[in-house]
Structure formats: structure tokens, C-alpha cells
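Participant: Next input, structure requested:
(one chain, ligands or ions: 1)
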Amino acid sequence: MQLELSEEQKLVQQAARGFAQDRLAPLAAQIDREEKIPDEILSGLAELGLFGVNVPEALGGAEAGVVAYSLAMQEIAAACASTAVTMAVTNMVGEVIAAFGTDAQKQRCNPRLCSGEWRAGSFALSEPEAGSDPGAMRTTATLDGDHWVIDGSKQWITSGDFAGVFVVWARTGEEGTRGISCFLVESDAEGLSVGKHEEKMGLRGSSTTALHFEGVRVPKSALLGELNGAFKIAMMALDGGRIGIASQAIGIGDAALREGISYAKDRRTFGEPIANRQAIQWMIADSRTELEASRLLALRAAWMKENGQRFSREAAMAKAYASEAAWKVCDRAVQIHGGYGYTKEYAVERYLRDVRVTRIYEGTSEIQRIVISRDLLR
Ligand code: COS
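Facilitator: Purely as a prediction, here's the structure:
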């Protein structure tokens, strides 16, 4: 068993940490308040290779692997969770295209995503009535001569209003999971419009929108993967995505614990720092332990993916455990701060809002438990 990072993994981690702490963290409160990630941050991520950490170099990526991706995600999330999710989805989209795309699709999309020419990639799977159950989707794609015509609506689309390319799932065949195909749709496609911008509790710097497809025509060559076989592409992409969200939760938790420790050492009650109280010490001890357990789960799932092993169950375990642990860690950090933790004066208030969705998106905790138990009971 080898728990040491490679030199390349350490380099990616250090580069991400430097960028996150020097350039991103000072802007995080502003990003949350103004609900916008500055362009220079997106360009900075792209320059560091963080828009395609696990995408082949030949396609413009960093080809640094899944463990490096998890490490980078933890660092970026510790500074700004909104930026982290934008990065996560762009990486997921890049990986899907690199894994399942034709040469032409890869050559067109991957370099643009990795370089930041396209500010983000979007993953358009969920619909108003198909989130946990994407097999129930209603968006359709119908063949008309040499084109597919897409009609329907998608919801909860990260970066929906500024992504350059959307990976869109639509029904092309029978009901259920065996009649779903996937298409690459660029943002300037006629008939594609951005709908409601969600007013979210957290991750306010990351835009989340609806998308409407009204007779959007894409050439036959926009089909990604096999006709009617793309439900599995979504599942495989989400398996990898869950490692990213586990890593994001860990990063937010790390940041909250750091703030909690620092505040506990400074804040005095009854004549001494609250860090001297056992109640606070236990919160800190439990938080560090749970975050380290989460990190081991996430890095193991990442390692398994990197080494070509089946990792669905491990990714689900990492995502469920890390998102729930990080929620508790952020809640304790607010508790340590007392009333101040409930104000925007302290970053822990933002961390608690931001971390909440990690138990919901890319599969709720309940869905993760379905994935884990189905695998065990197979
Ligand atoms: N990798 C590869 N293939 C997979 C897979 C995976 N991780 N999970 C399922 N499949 C395959 C199955 O093997 C099955 O293949 P066949 O058609 O050859 O039999 C097919 O996909 C359908 O699988 P299943 O019957 O298990 O589908 P369900 O509709 O029961 O859904 C869950 C299974 C619940 C796991 C799935 O719907 C899910 O992950 N839901 C959450 C979606 C989500 O995360 N949404 C958030 C979107 S991003 S915000």
C-alpha cells in the first residue's frame, strides 16, 4: 500500500493551492455577493491546466490523472466553492467528450474547453421532472434528414448562461434508460435559449439556469456515443463527477475547520480561549477525523478510476460520506463562531450555505446509497 503522492500530483496540488489562496480566496466573498466569477479567474484556472486535469495532453489537457484532479478540486473549493463547481463540470464535460467523442468532436471541443476559449462546459441531463431519475427525461431528439432536432427543457444547468458547449441527453427511442442518446450542442445553436436563473442558498457565484430547446437542429455528427446507448455515458460521467463533488465538499470542510480552529484560539470566554474547552476540542477532533476519512475515500475512488478499475460504488461512498461529513464540519465551525458565525462577517456562514448542495447534486445522498447497496446486493 502506497499513500504517498507522486511528484506530479504534488506539483498540481501546489499549483492549485497557490492560485486558490493567492488569487481566488481574496475574491470569494465578492464572487458570492456579486454572483459572478471574474473572467481572470476562469482564465487562470485554464492556464494552470485545471479545466482539463484528466484530459489527454494531445487534446489540450494536463493529463495529470484523477488523483491530481481530486487534489486540485479540494484546493480550489477551499477558496471558493462556486469556482470549484464551475471547474468540476467543465472537467466532467471535457472527460466525457475525450472518452466517447469522435476525433472531430474531440478536436473541436477539448482544446477550446481546456484553454478557456470556451469559459465552461455544461452537462445538460436533469429536467424539471427528471433529476434523480434521468431515465424519465422528456426532451426528445428526432431525426430529420441529416439533422437531429432537439425539443424540451433542462434544469439545474451549471454555467448554463456562459458555457461554450452543452452535452445534452435526449430521448431518441423507447421509454426508460435504453432510449436515450447524447448530443453536443454549442451555445450559439438556433432555438437554444437560457431560462430561469436559479436563486440559490449557496454557490451563488456559480450560475444555475434552465435551458430551453425549441427545434434546435444539430448535424448527425453531433451525436456523442451510441444511438440510444447514452444513459450509460451519463452514469459513467456521474461516477467520475461524484469524486469531484466529494473533493469539493472536503475542500469546503477544510476551509471551515481552519477558520474554526483559528477563531477558537482567539476567542476568549471566562478568561481563556474557547479552544481550552473540551466541547470545542471534540468538535475540532471529530471534524479533522471525518475530513481525513472523507479524503481517503475520495482518493481511493480517484485512484481506482485512474487505474481502470470499477469505481461506481467507491465514488458513491466517497460522495455520500464526504458531503455529509463536510456539512457537519461547517455546522460545527459556525457553532464555534457563535453569533458571529451567523453573519457575513465570517466566511463560515458562506461555507455552510455552499456545502449544503453537495448532499444533493450529482446524485443525492439517498441516490448514493442506492448505488452502494445495489452493488453490494448484486
Ligand atoms: N456505469 C455504467 N453503466 C451503468 C451505471 C454506471 N455507473 N449505472 C447504471 N448503468 C447501466 C445499467 O447497467 C443498465 O444497463 P442495461 O440497460 O444494459 O441493463 C442501465 O445503465 C440502466 O441502469 P439502472 O437500471 O440501474 O437505472 P435506473 O433508472 O434504475 O437508475 C440510478 C439508477 C438511480 C443509479 C441512476 O438513475 C442515478 O444515478 N440517478 C441519479 C442521477 C443524478 O446523479 N442526477 C444528478 C444530475 S447532475 S446535477
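
Participant: And the pLDDT at the residue of the stretch 1-150 of the chain found nearest the ligand?
Facilitator: The ligand sits closest to G135 of the stretch 1-150 of the chain, with a gap of 4.0 Å, by C-beta to the nearest ligand atom. From N, CA and C alone the C-beta is placed, and that goes for glycine too. G135 carries a pLDDT value of 98.

Participant: Got the phi and psi for it?
Facilitator: phi -60, psi -10 (degrees, to the nearest 10).

Participant: Next, the contact list for the closest residue to it other than its chain neighbours, please.
Facilitator: Spatial nearest neighbour of G135, excluding adjacent residues (C-beta to C-beta, 6 or more residues apart in numbering): T177 at 4.0 Å. Contacts for T177 were tallied using C-beta atoms under 8 Å, 6 or more residues apart in numbering; they are P134, G135, F231.

Participant: Tell me the one among those residues nearest to I37.
Facilitator: Nearest to I37 out of the contacts of T177 is P134 (C-beta to C-beta; 27.0 Å).

Participant: Run a quick neighbour tally on the residue nearest to the closest one when sequence neighbours are not counted.
Facilitator: Using C-beta to C-beta, 6+ apart and skipping residues adjacent in sequence, the residue nearest P134 is L125, 5.4 Å away. Look at L125: counted by other C-beta atoms under 10 Å, it has 26 neighbours.

Participant: can you pull out the strands in the protein?
Facilitator: Under the criterion DSSP state E, the chain contains strands at 121-124, 140-144, 147-158, 165-171, 180-186, 192-197, 208-219, 223-224, 268-269, 272-273.

Participant: Nearest to the ligand among those would be which one?
Facilitator: Using C-beta to the nearest ligand atom, these put strand 147-158 closest to the ligand, at 5.5 Å.

Participant: Is that closest one positioned near the ligand?
Facilitator: Yes: Strand 147-158 reaches the ligand (C-beta under 6 Å from any ligand atom) through W156.

Participant: By neighbour count, which of the contacts of T177 wins?
Facilitator: Looking at these with neighbours defined as other C-beta under 10 Å, the largest count falls to F231 at 20 neighbours.

Participant: so what pLDDT did the residue nearest to it when sequence neighbours are not counted get?
Facilitator: Computed as C-beta to C-beta, 6+ apart, the closest residue to F231 that is not its neighbour in sequence is T177, at 4.1 Å. Per-residue pLDDT puts T177 at 98.

Participant: Then Q2?
Facilitator: For Q2, pLDDT reads 86.

Participant: what's around it, how many residues?
Facilitator: Q2 has 6 neighbouring residues, counting by other C-beta under 10 Å.

Participant: and what of A246?
Facilitator: A246: 35 neighbours (other C-beta under 10 Å).

Participant: Could you do L377 as well?
Facilitator: The number of residues packed near L377 is 6, by other C-beta under 10 Å.

Participant: quick one: the residue lying closest to S43 once chain neighbours are set aside from G260, how far?
Facilitator: Distances taken as C-beta to C-beta, 6+ apart put G116 closest to S43, at 5.2 Å, once the chain neighbours are dropped. Distance of G116 to G260, computed by C-beta to C-beta, to the nearest Å: 34 Å.

Participant: And those two? Which one has more around it.
Facilitator: G260 (26 against 20).

Participant: any idea which of the strands of the chain is most buried?
Facilitator: Across those, averaging neighbours per residue (mean count of other C-beta atoms under 10 Å) puts strand 121-124 on top, at a mean of 28.

Participant: for that one, packing partners?
Facilitator: helix 81-100, strand 147-158, strand 165-171 (3 or more C-beta pairs under 8 Å, 6 or more residues apart in numbering; DSSP states H and E).

Participant: Quick check: can you name the pairing partners of it and their directions?
Facilitator: With DSSP bridges as the test, strand 121-124 is paired with strand 165-171 (parallel).

Participant: Now for the residue lying closest to R300 once chain neighbours are set aside: which residues touch it?
Facilitator: Using C-beta to C-beta, 6+ apart and skipping residues adjacent in sequence, the residue nearest R300 is E314, 6.0 Å away. With contact taken as C-beta under 8 Å, 6+ apart, E314 is in contact with L297, R300, A301, M304.

Participant: Which single residue of the stretch 251-378 of the chain ends up nearest the ligand?
Facilitator: Residue nearest to the ligand within the stretch 251-378 of the chain: G363 (3.2 Å; C-beta to the nearest ligand atom).

Participant: And the pLDDT at that residue?
Facilitator: 98.

Participant: so the closest residue to L227 other than its chain neighbours bridges to which residues?
Facilitator: Nearest residue to L227 in three dimensions, chain neighbours excluded: S181, at 5.4 Å (C-beta to C-beta, 6+ apart). The partner list for S181 in beta bridges (DSSP bridges) reads A170.

Participant: which residues of this structure score low on pLDDT?
Facilitator: Applying pLDDT under 70 to the chain flags no residue at all.

Participant: Tell me the residues of the stretch 51-200 of the chain that contact the ligand?
Facilitator: Residues of the stretch 51-200 of the chain lying close to the ligand by C-beta under 6 Å from any ligand atom are L125, S126, G131, S132, D133, P134, G135, W156, T177, R178.

Participant: okay, now the residue lying closest to the fourth one once chain neighbours are set aside: neighbour count?
Facilitator: Nearest residue to S132 in three dimensions, chain neighbours excluded: I367, at 5.4 Å (C-beta to C-beta, 6+ apart). I367: 19 surrounding residues under other C-beta under 10 Å.

Participant: Many thanks, I have nothing further to ask.
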